[in-house]
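Visitor: All I have is the shape, not the residue letters:
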DNA sequence: TTGGCGTCCTGGAGGC
DNA sequence: TGCCTCCAGGACGCCA
C-alpha cells in the first residue's frame, strides 16, 4: 500500500524518466482511472505535453506540465509506475526519447486527475494538512477528538501521507495504544507521537519503502522497510522493546498491530 | 461536527 | 483439483 515513503521513492525514481520529456502518445486502458473524465479526453490533453517536474503532496504524485496543468496521481492500494510493460497495465505514457512509462494497478482503485494550475492548491488544501516531514507539522487537530488515535492520525487532514502500516509503526515508537481517544493524549505523548510519525516515515524513505505484495519502484526494485517493522504484521512475535507478544486488533476497520504492554 | 460503516476492486490464502 | 469464502485497505459518501 503506497504511503508517503513509497510515493516519495516513486517520485524520485520517476524524475529522471519523465522530467524534460514530451509525451508523444498516451494510452489509458481503464476507464475508471480518470473518472469522471473520459479516458480519451485525458489522454488527448496529456499528449504533446512536456513534463516540467514531478512533486509529491501526501500520497499524491503531481506531474506538472508545460501548459501549467497538473496531473494528480493517487496510487491508492496497488497503483505503481514501471519503466517496463507489466501485468495489470492501466495506462502507458510514450515519451519523445523512445521510452515509455507504464502505470499498473491490480485493484484499480488508483486515480488520475488532470487539473488546471489554479485548481491544484484548493483541491489539495481541502484534503491534506501540513506535510509531516516539514518543520511546521503539528498534531493540533487531535485536540478534543474522541476517536481512537489511530483513526485520527489516518485522517489525511491530520497527517498527510500516513497509512495503516506507518500509523502502527509510529504509535509503537511513541508508546501510545492505538485505541486511546485522540484527545486524551497529553503534551508529552503528543510530542512522542509527532517524533514517532516523522521517524517512521523517514525510516521508510531511507529504505525505499516497504514491499509486501505489489509495491516496487519503477525499475522493479523492492523496498526493505518491511524488515524493520516493529509491529505491523507481527502477531505473536516478541516486542523488540519488552518481549511481550505483539497483538492484533481492528481500529477504524483496519488491521492494527501493537504491543499490549509498552503501548499504553 | 464527529465517528462508524459500506463501497469499490482483485488476488491470494485457507477450508472443504 | 476446483470451488467458495474471507481478507487486505485508501478515500469517499452516507447516516446517526
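Guide: Happy to help now that I have it. As the structure is a computational prediction, the values presented were derived from the model and not from experiment. Numbering: from 1, shown residues only, chains lettered A, B, ... in the order given.
Visitor: And the strands in chain A, which stretches?
Guide: With DSSP state E as the criterion, chain A has strands at A:23-28, A:51-57, A:60-65, A:70-74, A:79-82, A:89-95, A:100-105, A:111-115, A:247-251, A:254-258.
Visitor: and among those, the most buried is which?
Guide: Among these, strand A:79-82 has the highest mean neighbour count (mean count of other C-beta atoms under 10 Å), at a mean of 24. No exception for glycine: its C-beta is placed from N, CA and C like everyone else's.
Visitor: Identify all contacting residues around it.
Guide: A:2, A:10, A:13-14, A:73, A:101-105, A:109-110, A:214-216, A:218, A:220 (C-beta atoms under 8 Å, 6 or more residues apart in numbering).
Visitor: same check, this time on stretch A:56-71
Guide: By C-beta under 8 Å, 6+ apart, the list of residues contacting stretch A:56-71 reads A:2-4, A:7-8, A:10-11, A:14, A:18, A:45-46, A:49-55, A:72-75, A:112-117, A:120, A:124, A:127-128, A:131, A:156, A:160-161, A:163.
Visitor: list the buried ones in the longest helix seen in chain A?
Guide: In chain A, assigned by DSSP state H, the helix with the most residues is helix A:187-206. Neighbour-count burial for helix A:187-206, counted by 16 or more other C-beta atoms under 10 Å, picks out A:189-190, A:192-194, A:196-198, A:200-201, A:203-205.
Visitor: Most widely separated two among the residues you listed?
Guide: Farthest apart among those by C-beta to C-beta are A:189 and A:205. That separation is 24.6 Å.
Visitor: Distance of residue A:177 relative to residue A:148?
Guide: 9 Å (C-beta to C-beta, to the nearest Å).
Visitor: How about residue A:229?
Guide: For residue A:229, the distance to residue A:148 - C-beta to C-beta - is 20 Å.
Visitor: same question, residue A:210
Guide: Distance from residue A:210 to residue A:148, by C-beta to C-beta: 23 Å.
Visitor: what's the longest helix of chain A in contact with?
Guide: A:3-6, A:8-9, A:132-133, A:137-139, A:142, A:149, A:153, A:159, A:161-162, A:166, A:169-176, A:185, A:210, A:223, A:225, A:228.
Visitor: near DNA strand C, which residues of the stretch 101-250 of chain A?
Guide: A:107, A:109, A:127, A:154, A:156, A:163-165 (C-beta under 7 Å from any atom of the strand).
Visitor: Would you reformat those residues as CSV and include neighbour count and pLDDT?
Guide: Below are those laid out as CSV (neighbours: other C-beta atoms under 10 Å; pLDDT from 0 to 100):
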residue, neighbour count, pLDDT
A:107, 11, 86
A:109, 14, 88
A:127, 14, 90
A:154, 19, 92
A:156, 18, 91
A:163, 21, 91
A:164, 19, 91
A:165, 26, 90
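Visitor: Tell me which of the residues you listed fall in helices.
Guide: Per DSSP H, the subset of those in helices is A:127, A:154, A:164-165.
Visitor: Kindly reformat these as CSV containing distance to DNA strand B.
Guide: Below are these laid out as CSV (distance: C-beta to the nearest atom of the strand, whole Å):
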residue, distance to DNA strand B
A:127, 14
A:154, 10
A:164, 13
A:165, 16
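Visitor: which bits of the stretch 51-200 of chain A sit near DNA strand B?
Guide: Close to DNA strand B, as judged by C-beta under 7 Å from any atom of the strand, the stretch 51-200 of chain A has residues A:77, A:88, A:106-109, A:144-148, A:151-152, A:182.
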